[in-house]
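Q: predicted coordinates and the sequence they were generated for:
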Protein chains: 2
Amino acid sequence: MAADQKYDVLKLEKQICFPLYAASREVVKRYRPFLEPLDLTYTQYIAMMVFWEQGKCSVKDLGERLYLDSGTLTPVLKSLEAKGYVRRYRSTEDERVLFVEVTEEGMRLRDRAVEVPAQVSGCVRLNSEEARQLYELLYRLLTGLE
Amino acid sequence: MAADQKYDVLKLEKQICFPLYAASREVVKRYRPFLEPLDLTYTQYIAMMVFWEQGKCSVKDLGERLYLDSGTLTPVLKSLEAKGYVRRYRSTEDERVLFVEVTEEGMRLRDRAVEVPAQVSGCVRLNSEEARQLYELLYRLLTGLE
DNA sequence: ATATAATAAATTGAGTACAATCAAAGAGAG
DNA sequence: CTCTCTTTGATTGTACTCAATTTATTATAT
């Protein structure tokens, strides 16, 4: 291999991870102005998505769903509780398990949050076919890791 | 619209951002065991990529390249300097500009880093056509934002 | 029944991310 | 030249993110 090509694999433009990493942060950043009126960060928002859909969830199950561990989730959930959007309580059957349940106030937030996805997708210039492809590839990548 | 469909847009599986966010973190996580022997974090690694390729770069240009601001880069670059991989110095022409230049020790790291991309792609189960498509879509997303 | 292993959260510490603010330096208009 | 505006990094404060450890609880194997 020519000497000047030996290091080509280390070029930023050769990486698949870099645009993934950059695009992720840039898109999450686009949520901020729309989530701020709801007093939610992006991480809090995706946690609320699970509660809106399921009503309640253990920290462990939430972590598996969001690919996040308790070290990240504990402060996030405490913050959501402080805002009054969720309630945290130990399972009576297994005291190790902490359940998190959406409150009525948290549930009322859903009607305002329902506008967010459309607002954000207004910033993203992918047509529906491209979006579908990207979605497909991302899940294939995510579920096919290691 | 039926009442039970009104909130479908808020389901995690309907989001394009969520798999993007999750896949990004999961893939970055896969770098750790391979970067640890080089004493680099992922953020430090992509910064080094720019220095390996260009030799030196201002903080501003690096930030534009990596989509990161000085609030993130300043501690990253100080850390790289503390490890002896880069040198930081002000431009004499414009004292506001801080240049960061790779050291010889930083340059020696390149020969070990050149193995990393292949090691990580071993964890990713996408064929080359899928990887190409994903790459394409991510850059279209990234450059077509807002 | 008791010692041991496994599980679920919380805690801790290091390292990002990023908005907001600040200070220094340079550019430009009058 | 001088005042203002802009540019560039650094700093600060808030909020993750994650590896590693700890604590409490439950399950399991003698």
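A: Received the coordinates, thanks. Residues are numbered from 1 along each chain as shown, chains lettered A, B, ... in the order given.

Q: report the secondary structure state of the spatially most central residue of chain A.
A: The residue lying closest to the centre of chain A (Cα atoms, centre = their mean) is A:I46, at 4.5 Å. Of the three states, A:I46 takes helix under DSSP: H, G, I helix; E, B strand; the rest coil.

Q: do I have it right that it meets A:G63?
A: No. Contact criterion Cβ atoms under 8 Å: A:I46 and A:G63 do not qualify, at 11.9 Å. Any C-beta I mention is one placed from the backbone N, CA and C, and that applies to glycine too.

Q: for whichever helix in chain A runs longest, packing partners?
A: Ranked by number of residues, the top helix in chain A under DSSP state H is helix A:17-35. Contacts defined by 3 or more Cβ pairs under 8 Å, 6 or more residues apart in numbering or on different chains; DSSP states H and E place helix A:17-35 against helix A:42-54, helix A:116-121, helix B:17-35, helix B:42-54, helix B:128-143.

Q: closest to B:Y85 out of those?
A: Proximity to B:Y85 (Cβ to Cβ) singles out helix B:42-54 among those, at 6.6 Å.

Q: now that closest one: mean pLDDT?
A: Helix B:42-54 shows a mean pLDDT of 98.

Q: give the next helix or strand downstream of that helix.
A: Remark: after helix B:42-54, the chain's next helix or strand is strand B:56-58, criterion DSSP states H and E.

Q: got the buried residues for that next one?
A: Neighbour-count burial for strand B:56-58, counted by 16 or more other Cβ atoms under 10 Å in any protein chain shown, picks out B:C57.

Q: CA atoms of the following helix or strand past it as PDB?
A: For strand B:56-58, the following helix or strand on the C-terminal side (DSSP H and E) is helix B:59-66. Taking C-alpha atoms only, helix B:59-66 is exported to PDB below (Å, rounded to 0.1, in the frame of the first residue of the first chain):
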ATOM      1  CA  VAL B  59      -9.900  25.900  17.700                       C
ATOM      2  CA  LYS B  60     -12.500  27.600  15.500                       C
ATOM      3  CA  ASP B  61     -11.800  25.500  12.500                       C
ATOM      4  CA  LEU B  62     -11.700  22.400  14.600                       C
ATOM      5  CA  GLY B  63     -15.000  23.300  16.100                       C
ATOM      6  CA  GLU B  64     -16.600  23.700  12.600                       C
ATOM      7  CA  ARG B  65     -15.100  20.400  11.500                       C
ATOM      8  CA  LEU B  66     -16.300  18.500  14.500                       C
END
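
Q: does DNA strand D sit close to the helix or strand just after helix B:59-66?
A: Of the helices and strands lying after helix B:59-66 in sequence (DSSP H and E), the nearest is helix B:70-83. Yes. Using Cβ under 7 Å from any atom of the strand, helix B:70-83 comes into contact with DNA strand D via B:S70, B:G71, B:L73, B:T74, B:L77.

Q: show me which pair in those residues is furthest apart.
A: B:G71 and B:L77 (11.8 Å).

Q: who in chain A is up against DNA strand C?
A: A:21, A:25-26, A:28-29, A:32, A:58-60, A:63, A:69-71, A:73-74, A:77, A:88, A:94, A:96-99.

Q: now the residues of helix B:70-83 next to DNA strand D as TSV including pLDDT?
A: Below are these laid out as TSV (pLDDT from 0 to 100):
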residue	pLDDT
B:S70	98
B:G71	98
B:L73	98
B:T74	98
B:L77	98
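
Q: pull out the buried members of these.
A: Judged by 16+ other Cβ under 10 Å, buried ones among the residues of helix B:70-83 next to DNA strand D: B:L73, B:L77.

Q: as TSV, the residues of helix B:70-83 next to DNA strand D with distance to chain A would be great.
A: As requested, the residues of helix B:70-83 next to DNA strand D are exported to TSV (distance: Cβ to the nearest Cβ, whole Å):
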residue	distance to chain A
B:S70	15
B:G71	13
B:L73	13
B:T74	17
B:L77	17
